[in-house]
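K.L.:
Just the structure for this:
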Amino acid sequence: MKSRYKNNLLLVILLVFGVSAAFSGNDPAVFRISHRDCEESPILKQILGRYIEAIGGQKAIAKLTIRVCKGRFIDDRPYTGPKQVSPFETFSKLPDKSLFIIKHPENTEREGFDGNTRWRQDNNGLVRRENQERSQMDYFLDPQNALRIQEYFPEMELMGKAKLRGHSVYVVENSRKSPHYTLYFDVETGLLIQIGYYEVHEYQNVDGIKFPFRLEYSRKGGSNTYVFDDVRHNIPIEDELFDMPGKGAMDL
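P.N.:
Numbering: from 1, shown residues only. Next up is the predicted model:
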């Protein structure tokens, strides 16, 4: 019993110092909730419920089954050369089909999922991807993402409250157990303002819901930014759009 108590105490200490170190500013995490307390507390359910309401409410979100976006990808990392702007298009269709197309000056990349197979195609050829995990971008483009958040981030656990970019936020981890997938919900607005290193900005009303029109990934002195110029829902799309093109793809 003593050994188990010491291990649990050590885990709590590591969580406190590990999460606190991830934030800048003078206001570190102000409270912590253990895994058991989180399961028994309604607080996490309230945070997720408030997030759904902040986005537009369950009824408005449930009406959306297809999301089509157009925008610009801005690569502004000094060490890679001059700032580069590339147009992109995205297509998402429930329950689990997606296609992302980005047109770089010398290379067009396509990443798709037809419900069974993930694939990627560029100037170097076609690759079948073995990793079936959904990405942060998959989540943003899912038309019902707020209702399906637990599918993308299972076994969520409320870690506490902290400061992030001047906002008071709730910090929520999940079974993917990586800083890339930690969720941060704004205490004041209820909105999701960051997933891992993806900063979520500029929520705007579209078809009865709020959608973030700028996603920024800061890295190594620069940033990658997705700016959405047009977002539409429930436009008819054939399933064949998401199929892996041709045959003979290499496995990755």
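K.L.:
Strands along the stretch 101-250 of the chain, start to end?
P.N.:
Assigned by DSSP state E, counting those that start in this stretch, the stretch 101-250 of the chain shows strands spanning 107-113, 118-122, 125-129, 157-164, 167-173, 183-186, 192-195, 198-206, 209-219, 222-233, 250-251.
K.L.:
how about the ones you listed, which one is nearest residue 54?
P.N.:
Nearest of the strands of the stretch 101-250 of the chain to residue 54, taken as CB to CB: strand 209-219 at 7.0 Å. The C-beta positions use only the backbone N, C-alpha and C, and glycine is treated the same way.
K.L.:
buried ones in the closest one?
P.N.:
Neighbour-count burial for strand 209-219, counted by 16 or more other CB atoms under 10 Å, picks out 209-216.
K.L.:
Counting neighbours, what do you get for residue 90?
P.N.:
22 (other CB atoms under 10 Å).
K.L.:
Going forward, count from 200.
P.N.:
Understood, numbering begins at 200; the last thing we discussed is residue 289.
K.L.:
My guess is it contacts residue 340. True?
P.N.:
Yes - with contact defined as CB atoms under 8 Å, residue 289 counts as touching residue 340 (5.2 Å).
K.L.:
intersection of neighbour lists for the two?
P.N.:
266, 268, 297, 299 (CB atoms under 8 Å, 6 or more residues apart in numbering).
K.L.:
check contacts around the last one.
P.N.:
Read it as residue 299. 287-289, 308-311, 336, 340.
K.L.:
which regions of the stretch 200-349 of the chain sit below the pLDDT cut-off?
P.N.:
200-241, 276-281, 330-331 (pLDDT under 70).
K.L.:
Can you show me the helices along it?
P.N.:
201-220, 234-239, 242-254, 257-261, 335-340, 348-351 (DSSP state H, counting those that start in this stretch).
K.L.:
rewinding a little: how about the strands of the stretch 300-449 of the chain, which one is nearest residue 257?
P.N.:
strand 408-418 (10.6 Å).
K.L.:
to the chain's geometric centre, what's the distance from that closest one?
P.N.:
9 Å (CA atoms, centre = their mean, to the nearest Å).
K.L.:
Over to stretch 376-391?
P.N.:
10 Å.
K.L.:
in that stretch, what's buried?
P.N.:
For stretch 376-391, by 16+ other CB under 10 Å, it's 380-385, 389-391.
K.L.:
Max pairwise distance over those residues: which two?
P.N.:
With CB to CB as the measure, no two of the buried residues of stretch 376-391 lie farther apart than 380 and 389, at 19.9 Å.
K.L.:
so residue 298 touches residue 441, yeah?
P.N.:
Yes - counting by CB under 8 Å, residue 298 does reach residue 441; the two are 5.3 Å apart.
K.L.:
and for those two, which residues touch both?
P.N.:
Contacts common to residue 298 and residue 441, judged by CB under 8 Å, 6+ apart, are 290, 311-312.
K.L.:
Quick one, which of these are buried?
P.N.:
Buried residues within the shared contacts of residue 298 and residue 441, counting neighbours by 16+ other CB under 10 Å: 290, 311-312.
K.L.:
Turn the residues you listed into CSV, including distance to residue 319.
P.N.:
Formatted as CSV, those follow (distance: CB to CB, whole Å):
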residue, distance to residue 319
290, 15
311, 8
312, 10
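K.L.:
if we can go back for a sec, mind giving me a markdown table with the strands of the stretch 300-449 of the chain and columns for distance to residue 251?
P.N.:
Output for those, formatted as a markdown table (distance: least, CB to CB, whole Å):
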| stretch | distance to residue 251 |
| --- | --- |
| strand 306-312 | 24 |
| strand 317-321 | 28 |
| strand 324-328 | 31 |
| strand 356-363 | 16 |
| strand 366-372 | 14 |
| strand 382-385 | 11 |
| strand 391-394 | 11 |
| strand 397-405 | 14 |
| strand 408-418 | 10 |
| strand 421-432 | 17 |
| strand 449-450 | 38 |
